[in-house]
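S.K.: okay, sequence plus prediction incoming.
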Amino acid sequence: MAGIYTIDASVFVNAFLPHERDHGQSRQLIDRIVAGGWLIVAPTLLLVEIAAALSRATREPELARQLATTVALLPHVSLLPLDRNLADESSAIAAERRLRASDAVYGAVALRFASLLVTRDREQLERLTPLVATRSPTEALAELS
C-alpha cells in the first residue's frame, strides 16, 4: 500500500528502542515509508509523545528531544496543530469510539486525510477501524512488501 500515512508515537518510539518487542518491524516500516517518499501526516502532539516516552524509557532527556526533532525534520512529514477544528473532530471521535484523547487526535488526522493509521495501540486498531484504515506496523510492512 502506498499513499498517505498517519503514524502514531507508539510506532516511532518502538522504532527507537531496540530492546522492545517488534522493534525491527517498526523501524523497517518507517525507513521504507521515508525512502519511498510517501507523506506522513500527524498531529504536532506526536513530538511531545515521542519526547515524553523516550525520556521516560531512556532517562536521557536530551536524546529524547533530539529524536523528536529528528522526526519533525524527516522529509515528507506534515505536522498539524491541534486547532479548534481538529479538536472538535477529535472530541467527537473520542466520545463516539471511547478513546483516550491522544488516540482520538490521531484518528481525526487519519480521517481528515484518508490516511492509513499505523499504531501499536490495540484500542486504536479495534475502535477506529470502522472510521479509518488501521494497521499494526507488522501488517503495514507486509502490505509494502
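M.R.: Cool, got the structure.
S.K.: when you work out contacts or count neighbours from here on, use the C-alpha atoms and nothing else.
M.R.: OK.
S.K.: low pLDDT regions in this protein?
M.R.: 1-2 (pLDDT under 70).
S.K.: all helices of this protein, in order?
M.R.: 9-16, 23-36, 45-58, 61-72, 84-97, 101-113, 122-127, 137-144 (DSSP state H).
S.K.: distance from the chain centre to the fifth one, please.
M.R.: The reference is to helix 84-97. The chain centroid and the centroid of helix 84-97 are separated by 17 Å under C-alpha atoms, centre = their mean, to the nearest Å.
S.K.: for the shortest one, same thing?
M.R.: For helix 122-127, the gap between its own C-alpha mean and the chain's C-alpha mean amounts to 13 Å (C-alpha atoms, centre = their mean).
S.K.: if we can go back for a sec, same list (the helices of the chain) but as a markdown table, adding distance to Gly3.
M.R.: Below are these laid out as a markdown table (distance: least, C-alpha to C-alpha, whole Å):
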| stretch | distance to Gly3 |
| --- | --- |
| helix 9-16 | 18 |
| helix 23-36 | 9 |
| helix 45-58 | 20 |
| helix 61-72 | 19 |
| helix 84-97 | 22 |
| helix 101-113 | 10 |
| helix 122-127 | 19 |
| helix 137-144 | 11 |
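S.K.: redo those as TSV? Include distance to Ser78 and mean neighbour count.
M.R.: What follows is the helices of the chain, written out as TSV (distance: least, C-alpha to C-alpha, whole Å; neighbours: other C-alpha atoms under 10 Å):
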stretch	distance to Ser78	mean neighbour count
helix 9-16	14	22
helix 23-36	12	18
helix 45-58	11	18
helix 61-72	8	16
helix 84-97	15	16
helix 101-113	11	22
helix 122-127	21	16
helix 137-144	20	17
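S.K.: wait, isn't Ala64 in contact with Val48?
M.R.: No - Ala64 is beyond contact range of Val48, at 9.7 Å (criterion: C-alpha atoms under 8 Å).
S.K.: can you list the buried residues in stretch 74-84?
M.R.: Within stretch 74-84, the residues scored as buried using 16 or more other C-alpha atoms under 10 Å are His76, Val77, Ser78, Leu79.
S.K.: can I get the residues you listed in a markdown table with distance to Arg98?
M.R.: Below are the buried residues of stretch 74-84 laid out as a markdown table (distance: C-alpha to C-alpha, whole Å):
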| residue | distance to Arg98 |
| --- | --- |
| His76 | 31 |
| Val77 | 28 |
| Ser78 | 27 |
| Leu79 | 24 |
